[in-house]
Structure formats: structure tokens, C-alpha cells
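> 3D model of this:
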Amino acid sequence: MQVLAPMKAMMGEAIRDLSAQADLDQLEQARSKGLVEIDSADPGNAVDLLAACVISAKVAERGERQSSEYVGRIVETFVGKLADHLSKGRDYLVFDSEVAGLVEAAVREGLFQPAKGPAGRSAQAMSAASLMCRLPTFPGAEVDELLDIRDELSRPLTQFRGAMVGVATDFTSEPWERGFEDEVHDAWVGTVHPALESIEAAVRDNRSLLSIASGVVGAAKASAPGLAIVGAGLLGAGTVADVVGGALSGGAPLLQALRDQRRAAEEIRMRPFYFLYGVQSSLEAN
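Predicted coordinates:
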């Protein structure tokens, strides 16, 4: 450790730089909230890893490639943990294309024995991830933005998760198979995207409801003090009657419109795919 200490310090600094460039440091925010756990696939200890990295770097400096036994052990550890997760039946797994290809081949050769549980749950997780990636603003979003939006949309998120159970139930492909993405695409075209357009239309109609009511009140009681304040959303204040005074009867359509708008907004937020709409709208606003 004493001999390798200078190299360890240099490598630590280099790894921090690489992590920042790859935005991996953003994961720490999710990790600190308990939303992300990072599991090591390193079969050795810190000295083993450091020595393997130093040897690989020295070999690379000479323009040579090394067939590292240590890297092979890392791969074996990762594959073993992946097989364990697949067989448990309790996990929601999301695969990138490389790992999905590995799982498909391993299952085909009988090396992995996935339980029915993780297949269905992984279908929910992977289809949700695929739908999120179809939002125009999502791929470039910062993790801190997404965490804030996740907190703001906690209730719609519950509805969305329930919807994903129904969507994934109709899939015939396993989440690691090539046909899975085609089924997600069909679900997007046939179910999700029309639902998002319906939500957008409902939001527009709900906004116009208040505008129409405001216009009616403005024509009927143009000189009444305080109506503009009520129209700005003072419905929940205890001093509405004092503010409007004798014009309360003239503002009744507006007050009713505010009540209707709030009720309609709550109903819209409880639609199964409002979470996707809310994420997109929040990211656009930022």
C-alpha cells in the first residue's frame, strides 16, 4: 500500500474527473435519497483492483492489449449477480442493450433460469423507462431536476405505476428479448401517446373554462372592484367576500369556474399517464 500510495492518489483523481465528465456524480444525489444502490462486481479488494488498473495502464502505454484474468473475474462476478437477481422473482430490472443481449443468450443456452416474477416486474420497469425516454426533454434532464419532479408528482406516479402493470401484462416478449421494444412501441402508439394528447386537450379546455367565465363576469360587471383579484385565483382565501363586496353576485360564474377548474385539474392529475405529461411539462418549464 505504501508503494502504491502515489499511484492510488493519481488514479482516484482521474476517476473523479472521468465520473464528472460522464455525469456519474449526479447519481450521488439519488443515492443519498435511497433511490439508487450501487453494487460492486469487484471480486477482490482495493489493492487487487489498484494493481490490475496499474498493470493495464502500463501495458496500454506500450500499445499492447492485455488479456486480464482480473477483468475476467469481474465479469464472472457480474454475471453471477445478474443470474441471482433473475432467479429471485422480486426485482424490477432494467437492462441496456448489451446486458439484454447477454441475458437473452444465457437464457437460450440454459445458463440463466429466470423466475416468472422478475420477468413481469422487469417488463414494467423497462417499459416505463422506454416511455420516459420518448419524452423529448427527458434524455437531457439533470438528475436533480428529475428528483424534484418525482417529489412533486408523487400521486400521479402511483397511478402511472398501476398503469404500467396493465401495459406490461399484455406483452408476449420477455424484457431482454429483441421483440420487447417493438411491443413497447406499439403500446406507445396505441395507448400512451393518445392518452397524453387527451390530457393535453383536457388541460387546454380546463384553462379556457376560466377564461370564458372571466369574460362573462367582465361584461356583466365591468366596474366591480376585486374581480380581477378573484380571477387570479383567490378562491381559497377567507377574505373573498370582503374583497368583492357587493359584486359577489356578479362574480358568481367566475367563482364557480374556479371551483370547476380545481376539480377538473385534480381529475386530470389522476389519469394513468399524467405522470409522463407532468414530467414533460415541468422539464419544458425549466
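
> send the alpha carbons of stretch 34-49 over as CSV?
Below are the C-alpha coordinates for stretch 34-49, written out as CSV (Å, rounded to 0.1, in the frame of the first residue of the first chain):
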residue,chain,number,x,y,z
GLY,A,34,-32.0,5.9,-1.1
LEU,A,35,-33.4,5.7,-4.6
VAL,A,36,-30.2,4.2,-6.1
GLU,A,37,-27.9,1.5,-4.7
ILE,A,38,-24.5,0.7,-6.3
ASP,A,39,-23.5,-2.9,-6.0
SER,A,40,-19.9,-3.8,-6.7
ALA,A,41,-18.9,-6.5,-9.1
ASP,A,42,-15.3,-6.4,-7.9
PRO,A,43,-14.3,-9.9,-6.6
GLY,A,44,-11.1,-8.7,-4.9
ASN,A,45,-10.1,-5.9,-2.6
ALA,A,46,-8.8,-2.4,-3.1
VAL,A,47,-5.2,-3.5,-3.6
ASP,A,48,-6.2,-6.1,-6.2
LEU,A,49,-8.2,-3.5,-8.2
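
> Select the helix or strand of the protein having the lowest average pLDDT value.
The least trusted helix or strand in the chain, going by mean pLDDT, DSSP states H and E, turns out to be helix 227-231, with a mean of 39.

> Between its first and last residues, what's the separation in stretch 165-180?
Terminal residues of stretch 165-180 lie 15 Å apart, using C-alpha to C-alpha, to the nearest Å.

> buried ones in that stretch?
Neighbour-count burial for stretch 165-180 flags 167-168, 171, 174-177, 180 (criterion: 16 or more other C-beta atoms under 10 Å). All C-beta spots, glycine's among them, are computed from the backbone N, C-alpha and C.

> What are the contacting residues of the helix or strand encompassing V167?
Element membership for V167, per DSSP states H and E: helix 154-169. Applying C-beta atoms under 8 Å, 6 or more residues apart in numbering, the contact partners of helix 154-169 are 120, 123-124, 127-128, 150, 187, 191-192, 269-276, 278.
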